[in-house]
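Engineer: Fold the following.
(4 chains)
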There are 2 protein chains.
Amino acid sequence: MTGGHGEPTIRDVAERADVSKSLVSLVLRGSPSVSDVKREAVLKAIKELGYRPNAAARTLSERRTRVVGIMLDDLRNPWYVDCLDGLNSVLHAGGLTMVLGDGRLDRRSDQRLLHTFMDMRVDGLVLVGTMTPSGAVSEATLRLPTVVVGSRDFKLPRVDVSAQDDRLGAELAVRHLVDLGHRRIGHVAGNQAAVSKIRRRVYEDTLRAAGLADEIAVQKCDLTEEGAYTAGVRLLRAERRPTAVFAVNDVACVGVLSAAAELGLSVPRDVSLVGYDNTYLSRLRYLWLTTVDIASHEVGHRARELLMQRIDDPIRSSVEYLAAPTLIVRGSTAPPAPNSRI
Amino acid sequence: MTGGHGEPTIRDVAERADVSKSLVSLVLRGSPSVSDVKREAVLKAIKELGYRPNAAARTLSERRTRVVGIMLDDLRNPWYVDCLDGLNSVLHAGGLTMVLGDGRLDRRSDQRLLHTFMDMRVDGLVLVGTMTPSGAVSEATLRLPTVVVGSRDFKLPRVDVSAQDDRLGAELAVRHLVDLGHRRIGHVAGNQAAVSKIRRRVYEDTLRAAGLADEIAVQKCDLTEEGAYTAGVRLLRAERRPTAVFAVNDVACVGVLSAAAELGLSVPRDVSLVGYDNTYLSRLRYLWLTTVDIASHEVGHRARELLMQRIDDPIRSSVEYLAAPTLIVRGSTAPPAPNSRI
DNA sequence: TTGAAAGCGCTAACAC
DNA sequence: GTGTTAGCGCTTTCAA
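Structural biologist: Numbers count the residues shown, from 1 in each chain, chains lettered A, B, ... in the order given. Below is the predicted model of the structure:
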């Protein structure tokens, strides 16, 4: 050791192994042009010293961090976990590490998190979830290769999008109900986010296409279970009670499930329910909701590809990739009961 | 601009504002000893250039990052969200930012994540969840001020722990059932983690203390809903069927709920259920489980205090802080039905 | 109050 | 193959 104080540096390693700094650096990055003897010596010194390279120093000279920043919309809404999984596994292969931050664990902290990422000079940025493109966000996308996952609200010049096809998914859901023989099909809709709007529009279009324009019945909610419960009660208390409900997502679907229970309606006997996202909520066997799987893993995987490409070529034009969702039929849907047919 | 290439540096700012680098640096950290004129000039230049300080360079000379690394046990298990919330809000106040990583989004990647944090030279480390102290973990705790949140499996020399009191919580849960008049109270237990063991032991002790030693009935599970379902079925199919079940956590409790439903048992009429954690699962009105609230916010808050103290004084001896959990009575518990009393 | 200069720990030419 | 050297962008004495 030189100073004896603080963490060991590449210098200490070099001294101990009796080589030069650059030789150590070469070993560190696995250069082939190092003799085995020296390499061993260096490795030994590294181990003995418990040396760990200083990322800041490396970043400074290499001008890259090998870190990608992931900004999450809301940690409480776990639909994205599979997607991160798809992202992370392949990121590893590319030698990248991801660090996450929750954009609004504390409101307006998305700005702060974004600044942290920018200051860190992360190699890339992944925005996960339905976030509105605030000033801070667009500023960040201007400086960092960025891909958006899940949201459809972004139309930013150099920003790619990886998501799933809501049109297809919503149609799958509604058609499933129509095909089962339902006619009075209600919808619990979401907020202003593009995905909510698309799902709602497709719901309406699909009913129309099936000649059921008169049966369209929509209640909005705030995407919480509680809000969806209220919306569900309104829907199911109507004079012409729907025999089926398509909910904008799984959480909302559980809210509607509560509403049905509250009103003494049995699912799926009295009312069929379809959710969206195939979150683990819908997979709970106690709920066992028919839902739309959003191919999260593929979406995450694709996000990584888009990000790598954008890092390579920051100025290429935006790409939007939509994975194909699939219908998952579970226990919350069935044909309408004979007596409710008319 | 000097080079015209790459991001603007402090040098560019200095040039543009016609001052020296160090003056800019002073402004950056809000030093009072700068004339207003120059300060304005610098601020103006910063804004015009879109300058952002390079964290790597700053870290290198300041020898601190103002970042704390949070390693999550499992992103899928959302009990910690509130706790991060408690952590994050106060971290902000201290000028710290947190970055998260999931330890095992990919197995053995906890080592990788930890290395990333070490290489980043984060100011502190927070380990959230029931993770076993692997070699990589203890190595990391040796170098980084560390606090563990939620787990009770750590007895590492310089590592603090913030958690809740499982003894108290489990006793609250079991006593609640006893007080309701239940005698045959089963338990769906967890894995090898200390918290699981404690909860189980307290369950047994409490039954004994109530003179119900003969009624002790335990089934283990793997902490998934599916596993708990199986355990629940075994428990509820027993000759002397329990009239109440204490589950090791909310997820397990939902599994038992499924088991009850499967066996045609009504909750809480035929069987009462208590979970643990007060996750949003138990708060879903469709489930509405009686459970134990683990004071997550306080735990998170306290974790931050412990961390700050340890950063200040890295060699003080370990501190363990246990928050007091509380019982949340919801809809899954009731007195036993008269006919099942004996 | 401001500026000059010496690092922080590492990588990357470039010599040898 | 291996060592030398000049930065990377910032903070921080120390003078002025």
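
Engineer: need the contact list for the residue in the stretch 151-300 of chain A that DNA strand C sits nearest to.
Structural biologist: Residue of the stretch 151-300 of chain A nearest DNA strand C, by C-beta to the nearest atom of the strand: residue A:158 (25.2 Å). Quick note: C-beta positions are derived from backbone N, CA and C, even for glycine. Residues in contact with residue A:158 (C-beta atoms under 8 Å, 6 or more residues apart in numbering or on different chains) are A:141-142, A:145-146, A:310, A:314-318.

Engineer: again with residue A:282
Structural biologist: Here residue A:282 is in contact with A:250, A:253, A:275, A:288-291, A:328, A:330 (criterion: C-beta under 8 Å, 6+ apart).

Engineer: Quick check: nearest residue in space to it, chain neighbours excluded?
Structural biologist: Take residue A:282 and drop its neighbours on the chain: the residue closest to it by C-beta to C-beta, 6 or more residues apart in numbering or on different chains is residue A:289, 3.9 Å away.

Engineer: That neighbour contacts residue A:253, correct?
Structural biologist: Yes. Residue A:289 lies in contact with residue A:253 (C-beta atoms under 8 Å); the separation is 5.5 Å.

Engineer: Now list whatever residues contact both of those two.
Structural biologist: When contacts are counted by C-beta under 8 Å, 6+ apart, residue A:289 and residue A:253 are jointly contacted by A:273-275, A:282, A:332.

Engineer: In strands only, show me those residues.
Structural biologist: A:273-274 (DSSP state E).

Engineer: any idea how chain A splits into domains?
Structural biologist: Domain assignment for chain A by automatic domain parsing gives A:10-61, A:64-164+A:295-323, A:166-294+A:328-340.

Engineer: Confidence-wise, which of those is weakest overall?
Structural biologist: When the domains of chain A are compared on mean pLDDT, domain A:64-164+A:295-323 scores lowest, with a mean of 88.

Engineer: coming back round to it: quick one, which of the shared contacts of residue A:289 and residue A:253 are buried?
Structural biologist: For these, a burial check counting by 16 or more other C-beta atoms under 10 Å in any protein chain shown picks out A:273-275, A:282, A:332.

Engineer: that older thread, so can I have CSV of the domains of chain A showing distance to residue B:229?
Structural biologist: What follows is the domains of chain A, written out as CSV (distance: least, C-beta to C-beta, whole Å):
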stretch, distance to residue B:229
domain A:10-61, 45
domain A:64-164+A:295-323, 20
domain A:166-294+A:328-340, 6
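
Engineer: For residue B:78, find the nearest of those.
Structural biologist: With C-beta to C-beta, the closest approach to residue B:78 among these belongs to domain A:64-164+A:295-323: 6.2 Å.

Engineer: ends of that closest one, how far apart?
Structural biologist: Terminal residues of domain A:64-164+A:295-323 lie 31 Å apart, using C-alpha to C-alpha, to the nearest Å.

Engineer: quick one: is it near DNA strand D?
Structural biologist: No. Using C-beta under 7 Å from any atom of the strand, we find that domain A:64-164+A:295-323 stays clear of DNA strand D, coming within 8.6 Å at best.

Engineer: For the stretch 201-342 of chain A, which segments count as helices?
Structural biologist: Assigned by DSSP state H, counting those that start in this stretch, the helices in the stretch 201-342 of chain A fall at A:225-236, A:250-262, A:280-283, A:296-312.

Engineer: Just say which of these is most tucked in.
Structural biologist: Sort the helices of the stretch 201-342 of chain A by mean neighbour count, taking mean count of other C-beta atoms under 10 Å in any protein chain shown, and helix A:250-262 sits at the top with a mean of 25.

Engineer: re earlier: make CSV from the shared contacts of residue A:289 and residue A:253 and add distance to residue B:69 to it.
Structural biologist: As requested, the shared contacts of residue A:289 and residue A:253 are arranged in CSV below (distance: C-beta to C-beta, whole Å):
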residue, distance to residue B:69
A:273, 41
A:274, 41
A:275, 35
A:282, 33
A:332, 41
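
Engineer: I'd like to know which of the shared contacts of residue A:289 and residue A:253 is nearest to residue B:176.
Structural biologist: Distance ranking of these against residue B:176, using C-beta to C-beta, places residue A:282 first at 30.5 Å.

Engineer: measure that closest one to residue B:274 for me?
Structural biologist: 25 Å (C-beta to C-beta, to the nearest Å).

Engineer: which stretch of helix or strand covers residue A:99?
Structural biologist: Secondary structure from DSSP states H and E places residue A:99 in strand A:97-102.

Engineer: Contacts for the helix or strand that that strand is followed by, please.
Structural biologist: As assigned by DSSP H and E, the chain's next helix or strand after strand A:97-102 is helix A:109-120. By C-beta under 8 Å, 6+ apart, the residues outside helix A:109-120 that reach it are A:65, A:67, A:69, A:71, A:101-104, A:125, A:131, A:134, A:136-137, A:139-140, A:143-144, B:52-56, B:67, B:88, B:92, B:97, B:99.

Engineer: Sort out which residues of helix A:109-120 are buried, please.
Structural biologist: Residues of helix A:109-120 classed as buried: A:109-111, A:113-120 (neighbour count, 16+ other C-beta under 10 Å).

Engineer: again, but for stretch A:204-214
Structural biologist: A:204-207, A:210, A:212.

Engineer: Just the buried residues of the contacts of residue A:158.
Structural biologist: The neighbour-count test (16+ other C-beta under 10 Å) applied to the contacts of residue A:158 identifies A:141, A:145-146, A:310, A:318 as buried.

Engineer: Widest-spaced pair of those residues?
Structural biologist: Largest separation among the buried ones among the contacts of residue A:158 by C-beta to C-beta: A:145 and A:318, giving 11.8 Å.

Engineer: DNA strand C contacts on chain A?
Structural biologist: Selection of chain A residues close to DNA strand C by C-beta under 7 Å from any atom of the strand yields A:6-7, A:9-11, A:21-22, A:24-25, A:28-29, A:51, A:53-54, A:57-58, A:60-62.

Engineer: Residue A:274 and residue B:65, how far apart?
Structural biologist: 47 Å.

Engineer: how many neighbours does residue A:26 have?
Structural biologist: Look at residue A:26: counted by other C-beta atoms under 10 Å in any protein chain shown, it has 18 neighbours.

Engineer: what about it, helix or strand, and which?
Structural biologist: helix A:21-28.

Engineer: Is chain B within reach of that helix?
Structural biologist: No. Using C-beta under 8 Å from any C-beta of the partner chain, helix A:21-28 stays clear of chain B, coming no nearer than 11.3 Å.
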